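1. fold the following and give me the result.
(chains A and B)
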Protein chains: 2
Amino acid sequence: MPRVSQNQLDARRRQILAGARACFARHGYEGATVRRLEEETGLSRGAIFHHFRDKESLFLAVAEDDAATMVATVAENGLVQVMRDLLAHAEEPDQAGWLGTQLEVSRRLRTDPAFANRWAARAEAIATATRDRLSRQRDAGVLRADVPVTALAQFLELAYDGLVLHLAMGRPAKDLGSVLDLVEGAVRR
Amino acid sequence: MPRVSQNQLDARRRQILAGARACFARHGYEGATVRRLEEETGLSRGAIFHHFRDKESLFLAVAEDDAATMVATVAENGLVQVMRDLLAHAEEPDQAGWLGTQLEVSRRLRTDPAFANRWAARAEAIATATRDRLSRQRDAGVLRADVPVTALAQFLELAYDGLVLHLAMGRPAKDLGSVLDLVEGAVRR
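-> So this is what the prediction gives:
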């Protein structure tokens, strides 16, 4: 039996995550059946669930993948840049679908504490990166100093959530650039 | 056969809307079956669907009821006050559920143009009221003058959407008062 290298395992994992993201975007959480996940990833259910315990774990892994990218962007360029990136890709066919899938799970977040805990870890990583970045910005004298950093961070998260809901509902993205300028201006000195 | 007065018809309609709102909040759009709608309203399916064509019409009527209240509050006190009212009632058991139900329909808004049109009429009434109120505020010299009213209105709508998503996902409402102060400050002179 040939040994599978770590590189091959990582590539397979990325292949599954990309297919799963497209599948959730097109069919929603409930609609992403195992058969559809097989079609979108081009892999058998055995191969998929060798890497991920179940559909919930796969869904959370796609969301955690987003969160890791977001944390890196927030650390370097801030949460407003994450929002500008979302806007820049608003026309891509699967983006609104994937955001929408995240909304669909809102009931589960309220009623399933185990699921809510796994989701919260992801949100907390983004919140921490946002606060850290804002603290550095304040030290650099770029931010307004009359409002606690925690409140500024929550304000930016509220705007981010608003953008997610706006795009997930398929509303137009044009004109929102100047709205993000307002968001950014509200936290600056 | 006794004649049914307009008052009685209106009261019956309100009874159905209140029960339907609770039913959607608890069970979601798909989970709000006709049987559950009968239980929550205390009325037969015949009585319910004498007033509303189908479940979709009932759902949109509950949302339009909200929109009418919102338009009145926006006209008098602005969209920030609508957000403060949402926060004030965040602990009520059915509020997050009803907001969550509105998120669940995001896929339908993207994929069902007829449904999206009926929803958009509601959103447009709120947007118009928001712009009108902001124009009056600008004339009164309360608002910043360096940004078009349309951009200020979209900024407030983005914050409102963010609050809806935040509360619908069951995240904590405390501390958001000072975030709304930031939102309000960002549009003022």
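2. helices or strands up against the lowest-mean-pLDDT helix or strand in chain A?
-> Least confident helix or strand of chain A, by mean pLDDT, DSSP states H and E, is helix A:106-111 with a mean of 88. Under the contact criterion of 3 or more Cβ pairs under 8 Å, 6 or more residues apart in numbering or on different chains; DSSP states H and E, helix A:106-111 touches helix A:113-139, helix B:93-104, helix B:149-168. Quick note: C-beta positions are derived from backbone N, CA and C, even for glycine.
3. mind redoing it with 10 Å?
-> helix A:113-139, helix B:6-31, helix B:93-104, helix B:149-168 (3 or more Cβ pairs under 10 Å, 6 or more residues apart in numbering or on different chains; DSSP states H and E).
4. quickly compare the ones you listed and say which is most buried.
-> helix B:149-168 (a mean of 23; mean count of other Cβ atoms under 10 Å in any protein chain shown).
5. so who does the residue in chain A that chain B sits nearest to touch?
-> With Cβ to the nearest Cβ as the measure, A:G162 is the residue of chain A nearest to chain B, at 3.2 Å. Residues in contact with A:G162 (Cβ atoms under 10 Å, 6 or more residues apart in numbering or on different chains) are A:83, A:176, A:179, A:183, B:154-166.
6. same question, A:P172
-> By Cβ under 10 Å, 6+ apart, the neighbours of A:P172 are A:90, A:166.
7. ok, now how distant is it from B:Q154?
-> 10 Å (Cβ to Cβ, to the nearest Å).
8. next: A:R131.
-> Taking Cβ to Cβ, one finds A:R131 at 26 Å from B:Q154.
9. tell me if I'm right that A:T41 and A:G19 touch.
-> Yes: counting by Cβ atoms under 10 Å, A:T41 touches A:G19, with 3.2 Å between them.
10. rewinding a little: need the residues touching each of A:P172 and B:Q154.
-> What both A:P172 and B:Q154 touch, as defined by Cβ under 10 Å, 6+ apart, is the set A:H166.
11. low-confidence ranges, chain A, go.
-> A:1-2 (pLDDT under 70).
12. any shared contact partners between A:T41 and A:G19?
-> A:48, A:58.
13. restrict the least confident helix or strand of chain A to CA atoms and write it as CSV.
-> In CSV, the C-alpha atoms belonging to helix A:106-111 read as follows (Å, rounded to 0.1, in the frame of the first residue of the first chain):
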residue,chain,number,x,y,z
SER,A,106,-29.3,31.0,13.3
ARG,A,107,-32.0,28.8,14.9
ARG,A,108,-29.5,26.1,15.6
LEU,A,109,-27.2,28.6,17.3
ARG,A,110,-30.0,29.6,19.6
THR,A,111,-31.2,26.1,20.4
